[in-house]
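Predicted model, plus sequence, below.
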Number of protein chains: 2
Amino acid sequence: MKTSALSAFALAVAVAAGIQVSSRSLTVVAVDPAELKSFKPLPRIIASDSNPVTEAKVNLGRMLYYEPRLSRNQRISCNTCHDLRKYGVDGLRVSDGFKNQKGTRNAPTVYNAAGHLAQFWDGRARDVEEQAKGPVMNPVEMAMPSEQQVLAVLKSIPGYVDAFRKAFPGEDDPITVENMTLAIGAFERGLVTPSRWDRFLSGDQSALTDAEKAGFNQFIQAGCQTCHAGTYLGGQAYRKLGAATPYPDASDAGRQQVTKQEDDRMVFKVPSLRNVERTAPYFHNGKVESLNEAVKEMGKYQLGRQLREDEVDSIIAFLKTLTGNIPAEYVKRPALPKSTSGTPKPSVT
Amino acid sequence: MKTSALSAFALAVAVAAGIQVSSRSLTVVAVDPAELKSFKPLPRIIASDSNPVTEAKVNLGRMLYYEPRLSRNQRISCNTCHDLRKYGVDGLRVSDGFKNQKGTRNAPTVYNAAGHLAQFWDGRARDVEEQAKGPVMNPVEMAMPSEQQVLAVLKSIPGYVDAFRKAFPGEDDPITVENMTLAIGAFERGLVTPSRWDRFLSGDQSALTDAEKAGFNQFIQAGCQTCHAGTYLGGQAYRKLGAATPYPDASDAGRQQVTKQEDDRMVFKVPSLRNVERTAPYFHNGKVESLNEAVKEMGKYQLGRQLREDEVDSIIAFLKTLTGNIPAEYVKRPALPKSTSGTPKPSVT
């Protein structure tokens, strides 16, 4: 028996017996290196010159991220809607906020978000630091009544007084809303989820299976990389939803709310495809539950193509290689410092 | 045919045919969770409060790490002895420095080194920032004649003038030896190599094979974790070489050279076991080429035990799980800025 025939036979017997068999030695699909040039692996952390990352800032930011006392009813934290164990999302169409009020847009994942050109679906915050302030004060989200109230909570808790002093040494009055957002941002800059795709981009040809490489080729052929390229496969530009075929839900003006420009009507930030397998439901309105449907809709509305089922399946095989490792130790919920008698009480109204 | 018999048969045929077969479904070896408590996965970066990490600092530090013009003959860079593609070492017993002078101790890896309690085998530098200055000025290493000469080189190169200004904004005179070491240190704080061991510690039981788990148990049983525990499996304490049985090479006084204390004679920093498979030769004197021999010597000199060959093999199976991924993109050699007519020339004397 020739080796190849024996291999095929052994493979069949092994599969029949339920043994996991690696097909990597049989690789035949090639990816054009020129097509890879517009993609880059994730950085270690998404460092910023305007918010240097220090250990003390990250430790404080981690506590604040999990801190429900930053909400009016003291039950909602950043992690409520951006659950770090669930790839930074809550899996809801739109999130539940204060008094079960619904948000208007799907909560995007916080993983790798620091690398985007701006934050929120409409790009209204420049970076994760500026973003961090939004939900705390948003009346349908964490609903804190005022910045004074936020500071009153933090200043009443000795553990925070100490942690802010360590994170912002030499400042006379380190507990400020600005510093709170710098600390949360510093923590979020480490929320990076490298995946097999990054190993592949770094030169490990065995990191992707043949089916996944074929999926990448299909992704390129369909034109997805027009918007979804770079380190984050998205997150680097704004695009009109319905560029090729009018999008049926025109209820959200998108970036027009920020710029007041008519051209920006229904324009949104292109979302990143990192961890897309795990961050359903999809789109700004969270209306699409399945990745299969999401890929088809993008083909239709953005590319003007009706993708065949086998093309969609192939693209999804590639997209799943973007599912990264959650940094379990980094995102471990810390012990939160104790309240005192001076800590403001929760309000339910 | 029963399933198990069929499995064994398929396995045999598959192995005979050279097909990679995963044995992970057959896991039976358990690791005591209590024994894991003294180990921790690697952080994303090894952040420091005294040297905040910024993008500009890392970019400058990366250039300086690869910069041969920081040596007297302009041919030796940090990377010469701590080659980032070779797990941060040069594979030599002791390194070749200026004019082929030999160092006196084995060059330790720079990967994960920022997490150690101090730098150098004798701990004479507090952190990677302080360390970075050492070899540049050391007459048998990079051998720069003076700090003035280092600064003259950097100030003569417009690309560095610009990069220092960006990395240390607001400083009147950013090109200083102190800032050079801060930039190199910031870069080195990202030289982290997570491995399967980190996935295992984060809860992924499938990340280690049975043989590797058995190896960990053997590692514990032998007592290796007395010194090699924590995040770095070492790097956190000083120990006398030959604590159990006198070490035959007494030519290096070790930490005594730093502290001048008699008790510190032949005391060295416990090296980290991260990537130990790839960082031969071993020990401060680089005298041991094989990991097998290194494990046996540690058993003898530190633990007073003669480890059997099968015990050594098992421990090595575990040690290999500490071989991590080199962050290819992060350590990619950058383009170095061009010299000018004002740049000091190399000296070979």
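That came through fine.

where along chain A do the helices fall?
A:3-16, A:33-36, A:55-65, A:78-81, A:128-137, A:147-155, A:158-167, A:177-188, A:196-201, A:210-222, A:256-259, A:291-298, A:309-319 (DSSP state H).

hmm, who's touching the last one?
Meaning helix A:309-319. The contact list for helix A:309-319 (C-beta atoms under 8 Å, 6 or more residues apart in numbering or on different chains) reads A:209, A:211-216, A:218-219, A:222, A:224, A:273, A:276-277, A:291-292, A:295-296, A:299, A:307. (Glycine included, C-beta is placed from N, CA and C.)

now do 6 Å
Residues outside helix A:309-319 that contact it (C-beta atoms under 6 Å, 6 or more residues apart in numbering or on different chains) are A:Ala211, A:Glu212, A:Ala214, A:Gly215, A:Phe216, A:Gln218, A:Phe219, A:Val276, A:Leu291, A:Asn292, A:Val295, A:Lys296.

Buried residues, stretch A:291-308. List them.
A:Leu291, A:Ala294, A:Val295, A:Lys296, A:Glu297, A:Met298, A:Gly299, A:Lys300, A:Tyr301, A:Gln302, A:Leu303, A:Leu307 (16 or more other C-beta atoms under 10 Å in any protein chain shown).

Work out the gap between stretch A:82-89 and the centre of the chain.
Chain-centre distance of stretch A:82-89: 8 Å, with C-alpha atoms, centre = their mean, to the nearest Å.

first to last residue in it, what's the distance?
4 Å (C-alpha to C-alpha, to the nearest Å).

in that stretch, what counts as buried?
Result for stretch A:82-89 [16+ other C-beta under 10 Å]: buried residues A:His82, A:Asp83, A:Leu84, A:Tyr87, A:Gly88, A:Val89.

is chain B contacted by it?
No: Stretch A:82-89 stays clear of chain B (C-beta under 6 Å from any C-beta of the partner chain), getting no nearer than 11.1 Å.

what's in contact with that stretch?
A:Asp90, A:Ala107, A:Thr109, A:Val110, A:Tyr111, A:Asn275, A:Arg278, A:Thr279, A:Val331.

I'd like the distance between the closest residue to the last one other than its chain neighbours and B:Lys213.
Yep, that's A:Val331 we're talking about. Nearest residue to A:Val331, sequence neighbours excluded (C-beta to C-beta, 6 or more residues apart in numbering or on different chains): A:Leu84, at 4.0 Å. According to C-beta to C-beta, to the nearest Å, A:Leu84 and B:Lys213 sit 28 Å apart.

give me the number of residues near the residue in the stretch 101-250 of chain A that chain B sits nearest to?
Residue of the stretch 101-250 of chain A nearest chain B, by C-beta to the nearest C-beta: A:Ser202 (3.7 Å). Close neighbours of A:Ser202, defined as other C-beta atoms under 10 Å in any protein chain shown, add up to 18.

ok, it touching B:Ala328?
Yes: counting by C-beta atoms under 6 Å, A:Ser202 does reach B:Ala328; the two are 3.7 Å apart.

what sits against the residue of the stretch 101-250 of chain A closest to chain B?
A:Pro41, B:Ala328.

hang on, isn't A:Ala243 packed against A:Leu303?
No: counting by C-beta under 6 Å, A:Ala243 stays clear of A:Leu303, with 8.3 Å between them.

circling back: redo the helices of chain A as TSV? Include mean pLDDT.
Below are the helices of chain A laid out as TSV (pLDDT from 0 to 100):
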stretch	mean pLDDT
helix A:3-16	42
helix A:33-36	94
helix A:55-65	97
helix A:78-81	96
helix A:128-137	95
helix A:147-155	97
helix A:158-167	98
helix A:177-188	98
helix A:196-201	94
helix A:210-222	97
helix A:256-259	96
helix A:291-298	98
helix A:309-319	98
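
Columns distance to B:Leu70 on top of those, output as a markdown table?
Below are these laid out as a markdown table (distance: least, C-beta to C-beta, whole Å):
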| stretch | distance to B:Leu70 |
| --- | --- |
| helix A:3-16 | 53 |
| helix A:33-36 | 34 |
| helix A:55-65 | 28 |
| helix A:78-81 | 43 |
| helix A:128-137 | 35 |
| helix A:147-155 | 45 |
| helix A:158-167 | 33 |
| helix A:177-188 | 31 |
| helix A:196-201 | 31 |
| helix A:210-222 | 41 |
| helix A:256-259 | 47 |
| helix A:291-298 | 50 |
| helix A:309-319 | 43 |
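
Name the nearest residue to the residue most central in space within chain A, ignoring sequence neighbours.
Residue closest to the average C-alpha location in chain A (C-alpha atoms, centre = their mean): A:Thr109, at 3.0 Å. Nearest residue to A:Thr109, sequence neighbours excluded (C-beta to C-beta, 6+ apart): A:Gly88, at 3.5 Å.

Get me the contact residues on the stretch 201-349 of chain A for chain B.
So the stretch 201-349 of chain A meets chain B at A:Ser202, A:Ala328, A:Glu329, A:Tyr330 (C-beta under 6 Å from any C-beta).

try it again with 8 Å
Proximity of the stretch 201-349 of chain A to chain B is confined to A:Leu201, A:Ser202, A:Gly203, A:Asn325, A:Pro327, A:Ala328, A:Glu329, A:Tyr330 under the rule C-beta under 8 Å from any C-beta of the partner chain.

Quick check on the residues you listed: which are buried?
For these, buried by 16+ other C-beta under 10 Å: A:Leu201, A:Ser202, A:Pro327, A:Ala328, A:Glu329, A:Tyr330.

Do a quick rundown of the strands in the stretch 201-349 of chain A.
When secondary structure is read from DSSP state E, counting those that start in this stretch, the stretch 201-349 of chain A shows strands at A:238-240, A:267-269.

Dump those into a markdown table; add mean neighbour count and mean pLDDT as well.
Formatted as a markdown table, the strands of the stretch 201-349 of chain A follow (neighbours: other C-beta atoms under 10 Å in any protein chain shown; pLDDT from 0 to 100):
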| stretch | mean neighbour count | mean pLDDT |
| --- | --- | --- |
| strand A:238-240 | 18 | 97 |
| strand A:267-269 | 22 | 98 |
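
With distance to B:Thr349 added, can I get these in JSON lines?
Formatted as JSON lines, the strands of the stretch 201-349 of chain A follow (distance: least, C-beta to C-beta, whole Å):
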{"stretch": "strand A:238-240", "distance to B:Thr349": "60"}
{"stretch": "strand A:267-269", "distance to B:Thr349": "60"}
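
Quick one: closest of those strands to A:Met137.
strand A:267-269 (21.2 Å; C-beta to C-beta).

for that closest one, packing partners?
Secondary-structure packing of strand A:267-269 (3 or more C-beta pairs under 8 Å, 6 or more residues apart in numbering or on different chains; DSSP states H and E): strand A:238-240.

That concludes my questions; thank you for your assistance.
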